[in-house]
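A.B. asks: After the sequence you'll find the predicted model.
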Amino acid sequence: MVIRFDKVYYEPDVLNYELGKMLQNKYRDLPWVEIESHNRIPELTASHNRDFPRLKRLLIIGIRKTHRYVENHKVSDWLVPYTSSGCRAMCLYCYLVCNYNKCSYLRLFVNREEMLDKLLKKSYSAKPQTFEIGSNSDLILENVITGNLNYTIERFAREGRGHLTFPTKFDMVEPLLNLDHKGKTIFRMSFNPQEIIRRIELGTSPLSSRIQALNDMAEAGYPVGFLIAPVILIPDWKRLYSELIEQLAGELSDKVKQKGFIEIILMTYSFVHNAINTEAFPNAVQLLDRETMTGRGRGKYSYRNEVRAEAETFLREKLAQYLGTMPIWYIS
């Protein structure tokens, strides 16, 4: 997969790093615009919501200065700020939009050695722990540009304690298949019905390719799991998710079914999403449904309790019927 950008914005100090120099050469044919900080690009923050797709074609390169780990109690013990934030894809519900608004474009951070040094030190500070390194971006997509996952997985395998983990909506896993990972990286694939991928998860890999990528990673010895996320209760959702689960049962490998786990996350939406989508994607699926959703603080919307309960019961029953060997770690 070739990822194309229109322009690069960069902090000048990134060119003092090996990765910064590599990116400068890789994108030498693009315009490069010097910036003071990846967090402050006035001409981009002043853009209109309708410019969202154009902003997604920009690449921002900086140095990550914030390294605060956040406790987590789902698949990992810690959410770790790592080598990128934002994304090139344009999922209409993306939670990163809540953090970055229309400026949820891809930012790459070149000080990967510094970040991994801290993570390795943390990995020895208590009992073995799991570190979620993909909560701010999609690292499979980023890896096509930087190769950071190859570096991270192999170095953590040699020097780290516990596990790394990350989710993805992309299928470009081939560079990872022959790495010496020592089982220390947990790979998680995100699934949705193909109709939702096509209409709502814009710019991501199709369902059949995601299934094959998960099978390939399991065959390569990685611990694996999958997410049904986010569950979006559009009309006819029961048919769509029934067909998804039946397809997963038919196409996932025995290794995934016997050793993998499942996460389920229902969609959270927001006023910010709605404002951007209305202007940038006027013909897109309407995700804000006031009949089934309710406000949950600071402009966010989630499904009403009784709607969530119905969806949870439905998904648990279908998964027990078709993928009963795989434990559901949580539904949120």
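C.D. replies: Everything's here; your move. Residues are numbered from 1 along each chain as shown.
A.B. asks: what's across from the residue nearest to residue 261 when sequence neighbours are not counted in the sheet?
C.D. replies: When the adjacent residues along the chain are set aside, residue 261 lies closest to residue 225, with 4.1 Å between them (CB to CB, 6 or more residues apart in numbering). The way it works is simple: take the backbone N, C-alpha and C, and place the C-beta from them, glycine included. Note on residue 225: beta-bridge partners residue 188, judged by DSSP bridges.
A.B. asks: and residue 225, what does it touch?
C.D. replies: Contacts for residue 225 (CB atoms under 8 Å, 6 or more residues apart in numbering) come out as 75, 186-189, 260-263, 329.
A.B. asks: Would you write a ChimeraX line that selects the buried entries of those?
C.D. replies: Here is the ChimeraX command that selects the buried residues among those (16 or more other CB atoms under 10 Å):
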select :75,186,187,188,189,260,261,262,263
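A.B. asks: I'd like to know which of the contacts of residue 225 is nearest to residue 197.
C.D. replies: Proximity of the contacts of residue 225 to residue 197 (CB to CB) peaks at residue 189, which lies at 12.2 Å.
A.B. asks: Verify the stated contact: the closest one with residue 226.
C.D. replies: Yes: assessed by CB atoms under 8 Å, residue 189 is found in contact with residue 226 at 4.8 Å.
A.B. asks: and for these two, which residues touch both?
C.D. replies: With CB under 8 Å, 6+ apart as the test, residue 189 and residue 226 both reach residue 214.
A.B. asks: do you know how far the residue nearest to residue 261 is from residue 256?
C.D. replies: 9 Å (CB to CB, to the nearest Å).
A.B. asks: Assign the residue nearest to residue 323 when sequence neighbours are not counted to helix, strand or coil.
C.D. replies: Computed as CB to CB, 6+ apart, the closest residue to residue 323 that is not its neighbour in sequence is residue 249, at 5.6 Å. Here residue 249 is recorded as helix under DSSP: H, G, I helix; E, B strand; the rest coil.
A.B. asks: Please determine how far residue 249 is located from residue 264.
C.D. replies: 16 Å.
A.B. asks: So which of these two has more stuff around it?
C.D. replies: Applying other CB atoms under 10 Å to residue 249 and residue 264 shows that residue 264 carries more neighbours, namely 20 against 16.
A.B. asks: isn't there a strand covering the more buried one?
C.D. replies: Yes: under three-state DSSP, residue 264 sits within a strand.
A.B. asks: Model confidence for it, exactly?
C.D. replies: What the model reports as pLDDT for residue 264 is 98.
A.B. asks: What of residue 102?
C.D. replies: pLDDT, read off for residue 102, is 86.
A.B. asks: which residues does it contact?
C.D. replies: For residue 102, the contacting residues are 47, 49, 51-52, 55, 276, by CB under 8 Å, 6+ apart.
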